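Peer 1: Okay, here's the prediction I keep looking at, along with the sequence it came from:
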Amino acid sequence: LALCGGVGGAKLALGLYRVLGENALTVLVNTGDDFEHLSLHVSPDIDTVLYTLAGLADRERGWGREAESWNCMETLRLLQAEDWFLLGDKDLGVHIERTHRLRQGEALSDIVRDFADRLSISAQILPMSDDPVRTLVETDEGLLAFQEYFVRRRCEPAVRGIRYQGADSARPPERILAALADGSFDAVVICPSNPVLSIDPMLRIAGLREALAATPSPVVAVSPLVGGRALKGPAAKILRELGQEPSAKTIAAHYGELLDGLVLDAADARDCPGVAVPTLSTKTVMTSLEDREDLALSCVSFARSLAERGGTEQRRRRPG
Ligand code: FO1
């Protein structure tokens with residue numbers, strides 16, 4: 001099971017997908033970034049995972065489709081409509097069909113499963129919930145909807161706090177809870193996504209954090225930091241603004257009782273002694289496809305070795 005946000009997480013999800021073989025991977029994806037834009041329901045992280053696993057993602061940007069055209073955006077600009085969030089022509093087809101089906105009463109998870117089938121993806125891709133959860137960012141400029149903060153304001157406002165609207169009443173997928181409870185997953189990998197923006201929305205969903213803390217399966221997280229910095233995105237900036245030092249130690253403490261182990265970049269190896277759980281220091285920067293596969297293999301074998309060493313019993317005995 002991979003827990004994943006958008007671009008950074010999807011890279012490792014692709015590595016896992018390629019090394020684990022047919023039908024072996026389940027990806028639980030953040031939907032806190034979802035929003036209504038131009039009357040369409042956009043699910044950026046879901047689409048990033050779908051396009052990445054289907055080999056259709058734009059490699060440069062990490063989100064959206066490769067070889068995209070922008071005719072619709074040009075028309076929107078001509079009409080002086082909202083043009084701050086870029087929707088490519090190919091990508092729009094997905095938003096239109098998803099919105100149409102949601103309005104007909106279909107669950108997001110059923111729509112995503114169908115899209116994944118049509119894109120010949122053999123992994124199970126699941127939204128973290130069919131119920132709406134919206135990540136809101138408290139900033140020095142006021143409360144901003146996630147994409148307003150992330151795209152429109154380019155993560156510039158200082159973050160004071162994050163809210164996960166709807167998370168308390170959102171239900172996680174039943175089959176994930178059941179599989180976590182009976183230890184069906186060989187490993188649970190928290191991908192190197194932004195802990196507060198992409199992973200916490202999932203952990204705030206009623207029952208999911210508890211299910212992860214109690215699972216007999218080994219749980220490892222991959223730190224999104226390299227040398228104390230985020231490769232892309234605002235993870236380090238946000239941690240600092242929230243009064244925390246951007247380090248592997250902070251990431252491990254953030255996930256706390258959930259973790260059996262932390263995978264961190266070799267550039268952060270000096271942080272290892274301060275981390276409360278076993279660590280694996282390796283190359284976490286995923287430039288090539290081989291990098292993604294290598295990191296995926298490292299995560300899985302690290303998780304297996306922790307399970308063999310009885311690490312998961314230690315976690316389940318630790319106070320939450
Ligand atoms: N990110 C941007 O920085 N600018 C955009 O205009 C933009 C459009 C967009 C459209 C569809 C989609 O699936 C993703 C898109 N993203 C864009 C990425 C997205 O905002 C973020 O990467 C995630 O929400 C954070 O994980």
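Peer 2: That came through, no problem.

Peer 1: For the residue of the stretch 1-150 of the chain found nearest the ligand, give me the pLDDT.
Peer 2: In the stretch 1-150 of the chain, the residue found nearest to the ligand is Gly6; the distance is 2.6 Å by C-beta to the nearest ligand atom. C-beta: built from backbone N, CA, C; applies to glycine. We have a pLDDT of 90 for Gly6.

Peer 1: C-alpha coordinates for the longest helix along the chain, PDB please?
Peer 2: When the chain is parsed with DSSP state H, its longest helix is helix 289-308. C-alpha atoms of helix 289-308 as PDB (Å, rounded to 0.1, in the frame of the first residue of the first chain):
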ATOM      1  CA  LEU A 289      12.900   5.500 -14.100                       C
ATOM      2  CA  GLU A 290      15.700   3.300 -12.700                       C
ATOM      3  CA  ASP A 291      15.900   5.700  -9.600                       C
ATOM      4  CA  ARG A 292      12.200   5.200  -9.000                       C
ATOM      5  CA  GLU A 293      12.500   1.400  -9.200                       C
ATOM      6  CA  ASP A 294      15.600   1.300  -7.000                       C
ATOM      7  CA  LEU A 295      14.000   3.400  -4.300                       C
ATOM      8  CA  ALA A 296      10.800   1.200  -4.500                       C
ATOM      9  CA  LEU A 297      12.900  -1.900  -4.100                       C
ATOM     10  CA  SER A 298      14.800  -0.400  -1.200                       C
ATOM     11  CA  CYS A 299      11.600   0.600   0.600                       C
ATOM     12  CA  VAL A 300      10.000  -2.800   0.200                       C
ATOM     13  CA  SER A 301      13.100  -4.800   1.300                       C
ATOM     14  CA  PHE A 302      13.600  -2.300   4.300                       C
ATOM     15  CA  ALA A 303      10.000  -2.800   5.300                       C
ATOM     16  CA  ARG A 304      10.300  -6.600   5.000                       C
ATOM     17  CA  SER A 305      13.500  -6.600   7.100                       C
ATOM     18  CA  LEU A 306      11.800  -4.600   9.800                       C
ATOM     19  CA  ALA A 307       8.900  -7.000   9.900                       C
ATOM     20  CA  GLU A 308      11.300  -9.900  10.100                       C
END
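
Peer 1: Now do that helix, average pLDDT.
Peer 2: Mean pLDDT, computed over helix 289-308, is 97.

Peer 1: follow-up on the earlier one: for the residue of the stretch 1-150 of the chain closest to the ligand, give me its contacts.
Peer 2: Contacts for Gly6 (C-beta atoms under 8 Å, 6 or more residues apart in numbering) come out as Asn30, Asp33, Pro44, Asp45, Thr48, Val49, Gly62, Trp63, Ser193, Ser198.

Peer 1: Inside helices: which ones of the residues you listed?
Peer 2: Pro44, Asp45, Thr48, Val49.

Peer 1: Contacting the ligand as well, which ones from the residues you listed?
Peer 2: Pro44, Asp45, Thr48 (C-beta under 6 Å from any ligand atom).

Peer 1: what's the burial count for Glu245?
Peer 2: 11 (other C-beta atoms under 10 Å).

Peer 1: From Gly261, how far out is it?
Peer 2: 21 Å (C-beta to C-beta, to the nearest Å).

Peer 1: what's the answer for Asp130, then?
Peer 2: In terms of C-beta to C-beta, Asp130 sits 31 Å off from Gly261.

Peer 1: Over to Val189: give its phi and psi.
Peer 2: Val189 adopts backbone torsions of phi -120, psi 120, taken as degrees, to the nearest 10.

Peer 1: Mind putting the ones in helices among the contacts of Gly6 into CSV with neighbour count, distance to Thr250 and pLDDT?
Peer 2: Formatted as CSV, the entries for these read as follows, by neighbours: other C-beta atoms under 10 Å; distance: C-beta to C-beta, whole Å; pLDDT from 0 to 100:
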residue, neighbour count, distance to Thr250, pLDDT
Pro44, 24, 26, 98
Asp45, 26, 23, 98
Thr48, 28, 25, 98
Val49, 33, 26, 98
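
Peer 1: Tabulate these (a markdown table), appending distance to Leu212.
Peer 2: As requested, the ones in helices among the contacts of Gly6 are exported to a markdown table (distance: C-beta to C-beta, whole Å):
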| residue | distance to Leu212 |
| --- | --- |
| Pro44 | 23 |
| Asp45 | 18 |
| Thr48 | 22 |
| Val49 | 19 |
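
Peer 1: what sits up against the next helix or strand after the longest helix of the chain?
Peer 2: Going down the chain from helix 289-308, the next helix or strand is helix 311-317, by DSSP states H and E. By C-beta under 8 Å, 6+ apart, the surrounding residues in contact with helix 311-317 are 213-219, 257-261, 277-278, 306.

Peer 1: Just flag the most distant two among these.
Peer 2: Using C-beta to C-beta, the contacts of helix 311-317 span at most 19.3 Å, a distance reached by Ala214 and Pro278.

Peer 1: With that, I have no additional questions.
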